[in-house]
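Trainee: Would you be able to build a 3D model of this:
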Amino acid sequence: MRLVSSVSALLTLVVSLFCFPAFSTVSVEPSGVQFSPQAINTSSSLQAVAVFNEGNTNFTLLTATSNLSVFTVVGATLPVTVLPKTYVILQVQFTPTSAKGYSGKLTLTFSGAGTQTINLTGNGTNPNAIPVLNVSSINFGDQALGVNGPTQALTITNNGTVATKLTAVTVTPPFTQTGWTAATTISPGKSFTMQIGFSPANLGLASGMVFLTYDIAGNQGISLWGTAEAATTLGITNFPALPGATQNAAYNAVLTAAGGTTPYTWSLASGSTLPSGLTLSSAGVITGTVASTVTTGTYTFSATATDSSSPALTATRTFNVLVSKTTGASCNNILFNAPDGSGPIVPITDLGTNLYEGAESGGLYANGSNVDDPAHDLYGQGLAAGIQPLDANGNPSPTGKYVMLAIGLSVTQQTFLQFVPMINADPAKNPSLVVVDGGSGGATMAQLTSTTSNSFWEAITNVYLPNAGVTPNQVVSVFLLDTDGGPSGTFPNDMTTLQSQMETVAQNILKFFPNVRMTYASSMYYMGYSVGVANLDPDPWAYESGFAVKNMIQDQLNGNSNLNFDPTLGTVEAPWLAWGPYLWANGLSPRSDGLAWSCQDYQADGTHPASPGGRIKTSSLILNFFKTDDTASIWFLAPGAQPARK
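Mentor: Here you go, the predicted structure:
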């Protein structure tokens, strides 16, 4: 399915000739429009909606009617006949009259092609509601693993003349918040304070943000930073919120500690209990099936780790686990085994030099390593340092912009529906950077290999980028998260095909966006919950797609001419390529850095990220990558936003 883009700008009515595949006669892109918060009695920038004729006969767009007067179609002369292999663009505008949320529909009627409906959403804001934050960034500095360090205050003061309600607080892991639990009204002249904490599970620099949404005020955010150092004493390292559980479904969570003397022995703290059906082993593993009698809600318990020293050291931490209703996906598929019977699949990042299916070794890069080749990485840093604002024609301009474009299918699109408003509220983002959601439902790798026979590239260049007020010439970086739908075949031959498609798509990226410098590719996350429910990209293919990404990048590292990025070595055929965040973990069996995927992270098909939880989770992983990677943070962040590296 095709979903919403949340970008906006001015477009005129356009009909253009090009080729599409014969899927259905009428195709609309995007299938929904989400407007940014807009002050009451003012009009938004125009958002484009493209109606494609992917058939072989004419159809006529008769009417385009909104059911709410705040959403209007501007400048269109209807009816209009749409010839085969052409499209028409409509412009939609949002003019809220009240400070509230609006949810409407745009109905399109066609001669001989029925009707299609587009969702329209937007929030009207009141300029007299003025929430002001006491900080724009919090840096927790160095903190030892397993230590509950001091929290820091985030205070919101309403400097306006009308009350506003803080409707949602999103804090990305490994950061926490206490003090806000539900919608909170902040009266004029009053303040509300919450506490932000840092709870790292892994060594090194971590980044995140607090994302704040209001009923009648615009979104806000603060940037979060912290560096985890080695434990100096026994401490529990899990994030306090464990993966979500599902009624009447299997569950698994592994508690971890650092410092002290191994092995550790685990037990529930006095007075603590787990949801019925679950038990904690002395090894620190919570397993079982959540009883059907367990009601939905958040369950809190405390667990204690005891080390093997004499006298023994102990550490206790309080955890919570949210139990929810079944989603309709295969929620008992909390672990996926390798097809050859060798046992649970090991994430590529944890596989090292061992082989998957006897054919491919682990590591995101060569020799079992998760670190890029030093020379290739250094070249990427040089490219990143050269990124600068560009005008619409791609020429350097101090008043210009540059674009990071997300390309992929519906899982990419849905993730960036969450990511774009979050990063736009993050004060750490470089003010010249525009992040554009260019994902489209059905935009598989196989589709994107063609530059002339589908609507997906046209939607990016003629809808998504213009809606954001930018052009293809301003795209300097791409985040690629894509695969083929309904996969089949046997490893590794099936991934050889996907790899070939990826390499063609890398070349196409440069063709459409001539100033692109860098492309970061990620493979799919866990799709075991979709097995038996949907065949969009079930495991093991979702896992195996990681080898297609790895081998594409390795081809560039090996100097293959079709992916050459260095003009001193010949014709440039593709952007500089590197891994983005690696997203796959084996369901509820956590990988070495603690990442796990719960059935509650997904929609009913076990494929698409749930809203908001799954979308926030994937967005958090992408956010941390771009704010900390040594080639991405250079252009992604405002100068001085990232703490100095040690």
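Trainee: And for stretch 102-116, what's in contact with it?
Mentor: Residues outside stretch 102-116 that contact it (Cβ atoms under 8 Å, 6 or more residues apart in numbering): 25-26, 28, 33, 49, 51, 59-68, 70-71, 73, 79, 92, 94, 96, 117-124. Any C-beta I mention is one placed from the backbone N, CA and C, and that applies to glycine too.
Trainee: Run the chain-centre distance for that stretch.
Mentor: Taking Cα atoms, centre = their mean, to the nearest Å, the mean C-alpha location of stretch 102-116 is offset from the chain mean by 30 Å.
Trainee: for stretch 174-183, same thing?
Mentor: Using Cα atoms, centre = their mean, the offset of stretch 174-183 from its chain centre is 21 Å.
Trainee: buried set for it?
Mentor: 174, 175, 176, 177, 180 (16 or more other Cβ atoms under 10 Å).
Trainee: quick one, what contacts residue 62?
Mentor: 78, 79, 109, 110, 111.
Trainee: again, only this time at 10 Å
Mentor: Counting by Cβ atoms under 10 Å, 6 or more residues apart in numbering, residue 62 touches 78, 79, 80, 108, 109, 110, 111, 113, 115.
Trainee: out of those, who's nearest residue 454?
Mentor: residue 113 (19.3 Å; Cβ to Cβ).
Trainee: Pop out the phi and psi values for that closest one.
Mentor: Phi and psi for residue 113, reported as degrees, to the nearest 10, are phi -140, psi 10.
Trainee: Just read off the phi/psi values of residue 499.
Mentor: phi -60, psi -40.
Trainee: Would you agree it is in contact with residue 560?
Mentor: No. Using Cβ atoms under 10 Å, residue 499 is not in contact with residue 560; the gap is 11.4 Å.
Trainee: Common neighbours of those two, please.
Mentor: By Cβ under 10 Å, 6+ apart, the residues touching both residue 499 and residue 560 are 552, 554.
Trainee: neighbour count winner among those two?
Mentor: Counted by other Cβ atoms under 10 Å, residue 499 and residue 560 do not tie: residue 499 has more neighbours, with 22 against 14.
Trainee: what sits against the more buried one?
Mentor: Taking Cβ under 10 Å, 6+ apart as the test, what residue 499 contacts is 445, 492, 545, 547, 548, 549, 550, 551, 552, 553, 554, 555.
Trainee: what pLDDT does it get?
Mentor: pLDDT, residue 499: 97.
Trainee: so is the closest residue to it other than its chain neighbours in a helix, a strand, or just coil?
Mentor: Take residue 499 and drop its neighbours on the chain: the residue closest to it by Cβ to Cβ, 6 or more residues apart in numbering is residue 548, 4.1 Å away. Using DSSP: H, G, I helix; E, B strand; the rest coil as the criterion, the local structure at residue 548 reads helix.
Trainee: do residue 419 as well
Mentor: Residue 419 is classified as helix under three-state DSSP.
Trainee: does the spatially closest residue to it that is not a sequence neighbour count as helix, strand or coil?
Mentor: Nearest residue to residue 419, sequence neighbours excluded (Cβ to Cβ, 6+ apart): residue 619, at 4.1 Å. Three-state call for residue 619 (three-state DSSP): helix.
Trainee: Could you give the number of residues near residue 619?
Mentor: Using other Cβ under 10 Å, residue 619 is surrounded by 25 other residues.
Trainee: would you list the contacts of residue 62 in a markdown table and tack on secondary structure and neighbour count?
Mentor: As requested, these are arranged in a markdown table below (DSSP: H, G, I helix; E, B strand; the rest coil; neighbours: other Cβ atoms under 10 Å):
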| residue | secondary structure | neighbour count |
| --- | --- | --- |
| 78 | coil | 16 |
| 79 | coil | 14 |
| 80 | strand | 15 |
| 108 | strand | 22 |
| 109 | strand | 16 |
| 110 | strand | 19 |
| 111 | strand | 12 |
| 113 | coil | 20 |
| 115 | strand | 12 |
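Trainee: Could you dump these into JSON lines with pLDDT added?
Mentor: Formatted as JSON lines, the contacts of residue 62 follow (pLDDT from 0 to 100):
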{"residue": "78", "pLDDT": "95"}
{"residue": "79", "pLDDT": "95"}
{"residue": "80", "pLDDT": "94"}
{"residue": "108", "pLDDT": "96"}
{"residue": "109", "pLDDT": "95"}
{"residue": "110", "pLDDT": "94"}
{"residue": "111", "pLDDT": "90"}
{"residue": "113", "pLDDT": "70"}
{"residue": "115", "pLDDT": "92"}
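Trainee: buried set for stretch 70-88?
Mentor: By neighbour count on 16+ other Cβ under 10 Å, the buried set for stretch 70-88 is 70, 71, 72, 73, 76, 78, 82, 84, 85, 86, 87, 88.
Trainee: now, among these, which is nearest to residue 389?
Mentor: Closest approach between the buried residues of stretch 70-88 and residue 389, by Cβ to Cβ: residue 87, at 30.5 Å.
Trainee: before we move on, the earlier item: surely the residue nearest to residue 499 and residue 493 touch.
Mentor: No. Contact status for residue 548 versus residue 493: not in contact, 11.4 Å apart, counting by Cβ under 10 Å.
Trainee: SS state for residue 407?
Mentor: Secondary structure assignment for residue 407 (three-state DSSP): strand.
Trainee: beta partners of it?
Mentor: With DSSP bridges applied, residue 407 shows beta-bridge pairing to residue 480.
Trainee: Please report how far it lies from residue 531.
Mentor: Distance of residue 407 to residue 531, given as Cβ to Cβ, to the nearest Å: 27 Å.
Trainee: Who has more neighbours out of these two?
Mentor: Shown here are residue 407 and residue 531; by other Cβ under 10 Å, residue 407 has more neighbours (30 against 16).
Trainee: quick one: the more buried one and residue 459, what's the gap?
Mentor: For residue 407, the distance to residue 459 equals 11 Å [Cβ to Cβ].
Trainee: list the residues that contact both of these two?
Mentor: Common contact partners of residue 407 and residue 459 (Cβ under 10 Å, 6+ apart): 438, 439, 440, 443.
Trainee: Those into a markdown table, with extra columns for distance to residue 37, secondary structure and pLDDT?
Mentor: Output for the shared contacts of residue 407 and residue 459, formatted as a markdown table (distance: Cβ to Cβ, whole Å; DSSP: H, G, I helix; E, B strand; the rest coil; pLDDT from 0 to 100):
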| residue | distance to residue 37 | secondary structure | pLDDT |
| --- | --- | --- | --- |
| 438 | 22 | coil | 95 |
| 439 | 22 | coil | 94 |
| 440 | 25 | coil | 91 |
| 443 | 28 | coil | 92 |
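Trainee: Redo the residues you listed as TSV? Include distance to residue 203 and neighbour count.
Mentor: Below are the shared contacts of residue 407 and residue 459 laid out as TSV (distance: Cβ to Cβ, whole Å; neighbours: other Cβ atoms under 10 Å):
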residue	distance to residue 203	neighbour count
438	34	28
439	33	30
440	38	31
443	37	26
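Trainee: what's the helix or strand for residue 167?
Mentor: Assigned by DSSP states H and E, residue 167 falls within strand 164-171.
Trainee: returning to that earlier point: got the confidence number for the residue nearest to residue 419?
Mentor: What the model reports for residue 619 is a pLDDT of 98.
Trainee: Distance check, it against residue 306.
Mentor: Applying Cβ to Cβ, the value for residue 619 to residue 306 is 37 Å.
Trainee: Over to residue 69?
Mentor: From residue 69 to residue 306 the distance is 66 Å (Cβ to Cβ).
Trainee: what do you get for residue 145?
Mentor: From residue 145 over to residue 306 the distance is 18 Å, taken as Cβ to Cβ.
Trainee: Could I get the contacting residues of residue 172?
Mentor: 206-211, 224, 422, 616-617, 619-621, 623-624.
Trainee: surely residue 50 meets residue 61?
Mentor: No. With contact defined as Cβ under 10 Å, residue 50 does not count as touching residue 61 (11.2 Å).
Trainee: hey, what's in contact with both of these two?
Mentor: 88, 90.
Trainee: and the residue nearest to residue 565 when sequence neighbours are not counted, what are its bridge partners?
Mentor: Closest residue to residue 565 apart from its sequence neighbours, by Cβ to Cβ, 6+ apart: residue 576 at 4.5 Å. Taking DSSP bridges as the rule, residue 576 bridges to residue 518.
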